[in-house]
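Peer 1: The sequence isn't on hand, but the structure is:
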């Protein structure tokens, strides 16, 4: 039956789309990477396993730090407006609220079997969710090391840039709480890996790339689509695109019938509601006090993602108190963040130059550049705390930074990368500790307790925060932080 459908599809394609000039132009591009390009050996796999263990260890350490503020995983929005409570619940139970599947199409149905298995084995539900994050962050580090190796970096240099990846603020902060972004990060890294892989991949692997990139976060489908466009001719590209989308639709329907309050991602109504989180919209409605500042978004995406900045407290939409670093500056009296940022900015700039010089990988690097551009355009507008989305851009940044190895002065790249690792890790560890302390302090506020009670019962309780002005809090000087002027 499948062969018959394939034959009919091939005939239809050849008779219609196959005759178009666009198809001829698409297929004229040579998408095969030279056989002389870097391939992976057993030693590379072993190195990746070791670096993956380091990534998992960093995640365990980060969870040990956030454990000092237990309410982080019991309170909505406390950690950079992250939905840690919902994310943890969605991984281990079919109950609760799975409504964010409107933008995370099959997150629940993909992860629930693994979370449920751990709970059946006797692991406490929250610990099971944390274990899944630890494992995926280890996988992210391992797969990223193989990806930069495919760029043509020597093993030692590839290892150094993987340590840059692991030491970033994005990795450290989001490996210590339960959220969906570590999993969407895996889909991104997998897309990059497949795009740089020399061998022609079986169509099944491209199905996995497309399903995961769409399934974990709807806007991240662009990663899978671009990766396939770079490596596939038009007929297999459209075939896999249609098949993977159809599979996600089917899984979404099953998820909708199985999980409480799960939403269908192809329903336009929930998607349209996402426009309420556009910064210009929130500014116009008076729900975003700091206002739309595109330069702050760019700094958060390209710098704070790697070298974290101090947190402060902000009262955001629906009056939630949350930690944020959207507009904070360098901490006073510390030299490590200055060195880390200077080394990072120079390294990234040299990496862009190196990517331009790397002509034999021009098509994959153009694809990665397009991915970065799309994420930049999205988060110039979307979301109150841009740092929340750092794992959706950070692997791309480090990938381009690693291309600094291809400039004429090769030793500069590992030296700068080492500075980012050492001084960036020192800074990011301090920022993590500070954020945990501030979050723990905030959890004692009556505003947080009241709004958390409402969030828990929000489906059966008519609550408008505007009716409770006493919930407003002066965040200018709170929990040892000061709002940037």
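Peer 2: Thanks, I have the structure now. Remember, predicted model here, so these are calculated numbers, not experimental data.
Peer 1: What residues of stretch 174-186 count as buried?
Peer 2: Within stretch 174-186, the residues that qualify as buried are 174-186, counting by 16 or more other C-beta atoms under 10 Å. C-beta: built from backbone N, CA, C; applies to glycine.
Peer 1: Redo those as TSV? Include distance to residue 337.
Peer 2: Shown next, in TSV, are the buried residues of stretch 174-186 (distance: C-beta to C-beta, whole Å):
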residue	distance to residue 337
174	19
175	20
176	19
177	22
178	27
179	24
180	28
181	23
182	24
183	29
184	27
185	23
186	28
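Peer 1: Helices - which of the residues you listed land there?
Peer 2: Counted as lying in helices by DSSP state H, out of the buried residues of stretch 174-186, are 174, 181, 182, 183, 184, 185, 186.
Peer 1: just the residues you listed now: which is nearest residue 407?
Peer 2: Nearest to residue 407 among these: residue 185, at 27.3 Å, using C-beta to C-beta.
Peer 1: Quick check, the closest one in contact with residue 395.
Peer 2: Yes: the criterion here is C-beta atoms under 8 Å, and residue 185 meets it with residue 395 at 6.5 Å.
Peer 1: Quick check: neighbours shared by these two?
Peer 2: With contacts taken as C-beta atoms under 8 Å, 6 or more residues apart in numbering, the residues that reach both residue 185 and residue 395 are residue 140.
Peer 1: Dump the buried residues of stretch 174-186 to CSV, plus pLDDT and distance to residue 76.
Peer 2: Below are these laid out as CSV (pLDDT from 0 to 100; distance: C-beta to C-beta, whole Å):
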residue, pLDDT, distance to residue 76
174, 97, 17
175, 97, 20
176, 96, 17
177, 97, 12
178, 96, 13
179, 96, 12
180, 95, 14
181, 96, 16
182, 97, 19
183, 97, 19
184, 97, 20
185, 97, 22
186, 98, 24
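Peer 1: Secondary structure element holding residue 157?
Peer 2: Following DSSP states H and E, one finds residue 157 within helix 155-167.
Peer 1: for that helix, packing partners?
Peer 2: Counting contacts by 3 or more C-beta pairs under 8 Å, 6 or more residues apart in numbering; DSSP states H and E, helix 155-167 is packed against helix 42-66, helix 125-150, helix 394-402, helix 412-442.
Peer 1: mind putting those in CSV, mean neighbour count and distance to residue 18 included?
Peer 2: Formatted as CSV, the helices and strands packed on helix 155-167 follow (neighbours: other C-beta atoms under 10 Å; distance: least, C-beta to C-beta, whole Å):
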stretch, mean neighbour count, distance to residue 18
helix 42-66, 18, 39
helix 125-150, 23, 32
helix 394-402, 26, 33
helix 412-442, 21, 45
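Peer 1: before we move on, back to that, and the ones in helices among the buried residues of stretch 174-186, which is closest to residue 389?
Peer 2: Nearest to residue 389 among these, with distances taken as C-beta to C-beta, is residue 181, at 7.1 Å.
Peer 1: how far does stretch 235-248 sit from the chain's center?
Peer 2: Taking C-alpha atoms, centre = their mean, to the nearest Å, the mean C-alpha location of stretch 235-248 is offset from the chain mean by 23 Å.
Peer 1: can you list contacts of that stretch?
Peer 2: By C-beta under 8 Å, 6+ apart, stretch 235-248 touches 9-10, 13, 17-18, 105-106, 203, 206-207, 210-211, 214-215, 224-225, 228-229, 232, 265.
Peer 1: are any of the residues you listed buried, and which?
Peer 2: 13, 105-106, 206-207, 210-211, 214-215, 224-225, 228-229, 232, 265.
Peer 1: Just the ones of those residues in helices?
Peer 2: 13, 206, 207, 210, 211, 214, 215, 224, 225, 228, 229.
Peer 1: Least confident of those?
Peer 2: Across those, the smallest pLDDT goes to residue 13, namely 80.
Peer 1: Using neighbour counts, pick out the buried residues of the helix holding residue 157.
Peer 2: 157, 158, 159, 160, 161, 162, 163, 164, 165, 166, 167.
Peer 1: Among the residues you listed, pick out the one closest to residue 426, please.
Peer 2: The closest of those, once distances to residue 426 are taken by C-beta to C-beta, is residue 167, at 9.3 Å.
Peer 1: Once you drop chain neighbours, what's closest to the closest one?
Peer 2: In space, and not counting its chain neighbours, residue 167 is closest to residue 425: 4.2 Å by C-beta to C-beta, 6 or more residues apart in numbering.
Peer 1: Likewise for residue 254?
Peer 2: Of all residues not flanking residue 254 in the chain, residue 109 sits nearest, at 6.6 Å (C-beta to C-beta, 6+ apart).
Peer 1: Check that neighbour and give its pLDDT.
Peer 2: We have a pLDDT of 97 for residue 109.
Peer 1: Which helix or strand contains it?
Peer 2: Using DSSP H and E, residue 109 sits in helix 107-120.
Peer 1: List the residue ranges of the protein that fall below the pLDDT cut-off.
Peer 2: Flagging of the chain using pLDDT under 70 yields the residue ranges 1-2, 317-319, 446-475.
Peer 1: wait, isn't residue 145 in contact with residue 156?
Peer 2: No: contact criterion C-beta under 8 Å: residue 145 and residue 156 do not qualify, at 11.4 Å.
Peer 1: how much space between the residue nearest to residue 167 and residue 443?
Peer 2: Taking C-beta to C-beta, to the nearest Å as the measure, residue 425 falls 27 Å from residue 443.
Peer 1: Ok, residue 291 next?
Peer 2: Using C-beta to C-beta, we find residue 291 at a distance of 27 Å from residue 443.
Peer 1: More neighbours: these two, which one.
Peer 2: residue 443 (18 against 12; other C-beta atoms under 10 Å).
Peer 1: The more buried one - nearest residue in space that isn't next to it in sequence?
Peer 2: Nearest non-adjacent residue to residue 443, counting by C-beta to C-beta, 6+ apart: residue 71, 3.5 Å away.
Peer 1: What residues sit buried inside stretch 324-340?
Peer 2: By 16+ other C-beta under 10 Å, the buried positions in stretch 324-340 come out as 324, 325, 326, 327, 328, 331, 336, 337, 339, 340.
Peer 1: Does the nearest residue to the second one once chain neighbours are set aside belong to a helix, a strand or coil?
Peer 2: It stands for residue 325. Leaving out its chain neighbours, the residue that sits closest to residue 325 by C-beta to C-beta, 6+ apart is residue 309, at 4.5 Å. The local conformation at residue 309, judged by DSSP: H, G, I helix; E, B strand; the rest coil, is coil.
Peer 1: Likewise for residue 322?
Peer 2: Assigned by three-state DSSP, the conformation of residue 322 is strand.
Peer 1: So it sits against residue 383, correct?
Peer 2: No: if you go by C-beta under 8 Å, residue 322 and residue 383 don't touch, sitting 12.0 Å apart.
Peer 1: Thank you, goodbye.
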